[in-house]
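Visitor: My questions concern the predicted model and sequence given below.
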Amino acid sequence: LAAVGVEPLVDLRQVRFFLRPSDVITHVLAGSADAGLVRAGALEEAGVEEEVEVLGAQPPQTPPFPFLLSTALLPATTLVALPVVPSDVAQAVQARLLALGPA
């Protein structure tokens with residue numbers, strides 16, 4: 001948000017959290033929320049990508065990523081290893097996974 005000049009605790013009336021992206025979208029479209037954060041693809045799934053202003057939006061990149069982006073593209077999951085896993089094994093697994101490339 002700071003990258004596009006928005007300070008949530010200053011610029012927004014209140015900060016609320018919703019469990020479903022559809023609830024965030026509904027509140028923004030209805031005007032009962034000033035702004036909302038949803039995962040990539042949520043606007044397209046709801047069919048509302050043309051109805052909202054996406055701050056800092058980058059056009060979809062088909063391929064490899066067909067959705068609007070307003071932040072850096074980050075993995076949706078985290079790879080972790082237990083402390084008992086030797087670090088060389090964990091690093092080898094990480095390297096193999098990264099070598100797979102996009103699906």
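Guide: Happy to help now that I have it. Numbers count the residues shown, from 1 in each chain.
Visitor: Provide a list of residues in contact with the closest residue to residue 46 other than its chain neighbours.
Guide: Once flanking residues are discounted, residue 46 sits nearest to residue 25: 5.2 Å by Cβ to Cβ, 6 or more residues apart in numbering. Any C-beta I mention is one placed from the backbone N, CA and C, and that applies to glycine too. Residues in contact with residue 25 (Cβ atoms under 8 Å, 6 or more residues apart in numbering) are 36, 38, 42-43, 46, 48, 52.
Visitor: Mark which of those residues are buried, thanks.
Guide: Neighbour-count burial (16 or more other Cβ atoms under 10 Å) is assigned, among those, to 36, 38, 42-43, 46, 52.
Visitor: residue ranges with poor pLDDT in the protein?
Guide: Low-confidence segments of the chain (pLDDT under 70): 60-63, 101-103.
Visitor: let's see 90
Guide: For the chain, the stretches with pLDDT under 90 are 1-17, 19, 21, 28-29, 31-80, 94-103.
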